[in-house]
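Participant: When you get a sec, could you give me coordinates for this:
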Amino acid sequence: MMHAFARSVVHTFAAISLAVPVVAANAHDSVDHQLEEMRVERMQEATVAFLATLDDQQRENVMSALDDNATRTSWSNLPITMAPRSGMPVASMSSEQRRALHVMLGAAMSSQGYLKSATIMWHEDVLREMFDTMVAAMPESDPRKQQALAFADNYDTEKFFVTVFGDPESENWGWLVTGHHFAANFTVSGGKIAFTPMFLGANPQVVQEGRYAGWQLLQHEADRALDLLNSLDEGQLGQAVVAAEVDGSIFAGPGNQDSHKTAFGIKASDLNSMQRRLLAGLIDEYLGDASDEAAARQRAKIDADGPDALRFAWWGPTDEPTGRYMFRVQGPSVLIDYVRERSGDGSNNHVHSIMRDPSNDYGADWLKRHYEEAHQE
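Facilitator: Numbering: from 1, shown residues only. The predicted structure is shown next:
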């Protein structure tokens, strides 16, 4: 028979053991909240510091109201002459201002997200060099040559535009950086961070020739989707593959906010445990472009929606990893589209990728506002 004192010790230890997870969970919640506060503070400090480098005229060009629908939704993936942007271009910034801008970007993004973004900006100079070589090879008699020369200036690492919305020292504010193949929208509201819509693209996706041959952009997104696709059995493929050809009209780019309203593909609940892990890894590739704190908040929303609400869909060939294809991940709190497009050399070496939150793009749900994007061709 157990001694009374021993029983008392065991009962006390058991009670403490049962209590530990509750205490740990509360402490974890508190730590998460503190980390998010720290992230918001870092973003505020970096944005205020960027604004402090500007003169009065520049600040007027950069600043806009948080409810200015036209300016908040003026991002695009198109070249500048095809879709003029609002805000202040990098081309008009001093070195000090450019350094401050990159600190602002880095404060909001993960190292992965910042490096993707900075590489896409830099990649415009690679595209310009390729374009100039192509134009130089055109005969002077070719009427397209003058048009091409005029268009060439679109491809420029300095043609990215910055706008800050609201007062970054207030509760609700945000910023937008956009240019060819790039748009990053960050919103802070009540200490929470939203980072959609975020558009990333590249042409060429893989550099084929020259000193940068082999460099590839946005390849991990494609690889993760292909891993999931290749894991599906015949019955699952029948659910996931929507069509043998890409339907570019449904890509959730600027002005296509309602694209999420039609459900495509296989439900996550119809995937096995390994396949669900592959799908989670694909989603994490996109969430991972934001800070850990913003990504964790978004991931919790997606998880709360449940596997019946989450889908994976595919358009195009399933056996051509460099063919023209498109995939989508969609649910109430996430919409991811990735499409391989035709490139100038006749291949499909040109990609567009976007992540949205249909329930909270631009932090609209938190701000209790609606932002209507203009349609783009």
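Participant: burial measure for Asp142, as a count.
Facilitator: 12 (other CB atoms under 10 Å). Where you see a C-beta, it was placed from the backbone N, CA and C, and this is true even at glycine.
Participant: Report the buried residues of stretch 213-229.
Facilitator: Trp215, Leu217, Leu218, Glu221, Ala222, Arg224, Ala225, Leu226, Leu228, Leu229 (16 or more other CB atoms under 10 Å).
Participant: So which of the residues you listed is the closest to Ser141?
Facilitator: Taking CB to CB as the measure, Trp215 is the one of the buried residues of stretch 213-229 closest to Ser141, at 34.7 Å.
Participant: can you list the weak-confidence ranges in the protein?
Facilitator: Within the chain, the segments meeting pLDDT under 70 span 1-30, 377.
Participant: Which of the buried residues of stretch 213-229 fall within helices?
Facilitator: Among these, DSSP state H puts Glu221, Ala222, Arg224, Ala225, Leu226, Leu228, Leu229 in helices.
Participant: and which of the residues you listed is nearest to Asn203?
Facilitator: Ala222 (14.5 Å).
Participant: ok so, going back, tabulate the ones in helices among the buried residues of stretch 213-229 in CSV, adding columns for distance to Phe131.
Facilitator: Formatted as CSV, those follow (distance: CB to CB, whole Å):
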residue, distance to Phe131
Glu221, 25
Ala222, 24
Arg224, 30
Ala225, 29
Leu226, 29
Leu228, 35
Leu229, 33
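Participant: and which of those residues is nearest to Met130?
Facilitator: Ala222 (21.2 Å).
Participant: Chain neighbours aside, what residue packs nearest to that closest one?
Facilitator: Tyr338 (6.7 Å; CB to CB, 6 or more residues apart in numbering).
Participant: go on, Asp132?
Facilitator: Once flanking residues are discounted, Asp132 sits nearest to Ala152: 6.4 Å by CB to CB, 6+ apart.
Participant: ok, that neighbour - how many residues close by?
Facilitator: 15.
Participant: Over to Gln112?
Facilitator: Gln112, neighbours per other CB under 10 Å, totals 13.
Participant: Ala150 now?
Facilitator: Applying other CB under 10 Å, we find 10 residues neighbouring Ala150.
Participant: Can you tell me the element it falls in?
Facilitator: helix 144-151 (DSSP states H and E).
Participant: I'd like the next helix or strand past that helix.
Facilitator: Once the chain leaves helix 144-151, the next helix or strand it forms, by DSSP H and E, is strand 160-165.
Participant: same for that next one, what does it pack against?
Facilitator: Where contact means 3 or more CB pairs under 8 Å, 6 or more residues apart in numbering; DSSP states H and E, strand 160-165 is packed against helix 4-52, helix 56-62, strand 63-64, helix 69-72, strand 88-89, strand 172-179.
Participant: Show me where the stretch 151-300 of the chain has its helices.
Facilitator: Along the stretch 151-300 of the chain, counting by DSSP state H, counting those that start in this stretch, helices occupy 219-231, 234-240, 273-287, 292-305.
Participant: which residues sit against the second one?
Facilitator: So the one you mean is helix 234-240. Helix 234-240 is contacted from outside by Leu229, Leu232, Gly265, Ile266, Lys267, Asp270, Leu271, Gln275, Phe312, Ala313, Trp314, Thr318, using CB atoms under 8 Å, 6 or more residues apart in numbering.
Participant: I figured the last one hits Leu229, correct?
Facilitator: Yes: in this structure, Thr318 sits in contact with Leu229. The criterion is CB atoms under 8 Å, and the distance is 6.1 Å.
Participant: Against Thr119, how distant is the residue nearest to Asp132?
Facilitator: Distance of Ala152 to Thr119, computed by CB to CB, to the nearest Å: 21 Å.
Participant: Repeat that for Trp75.
Facilitator: Distance from Trp75 to Thr119, by CB to CB: 18 Å.
Participant: Those two: which is more packed in?
Facilitator: Between Trp75 and Thr119, counted using other CB under 10 Å, Trp75 has the larger neighbour count: 28 against 15.
Participant: State the three-state secondary structure for the more buried one.
Facilitator: coil (DSSP: H, G, I helix; E, B strand; the rest coil).
Participant: Now that it has come up, it's in contact with Phe199, right?
Facilitator: Yes: counting by CB under 8 Å, Trp75 touches Phe199, with 6.9 Å between them.
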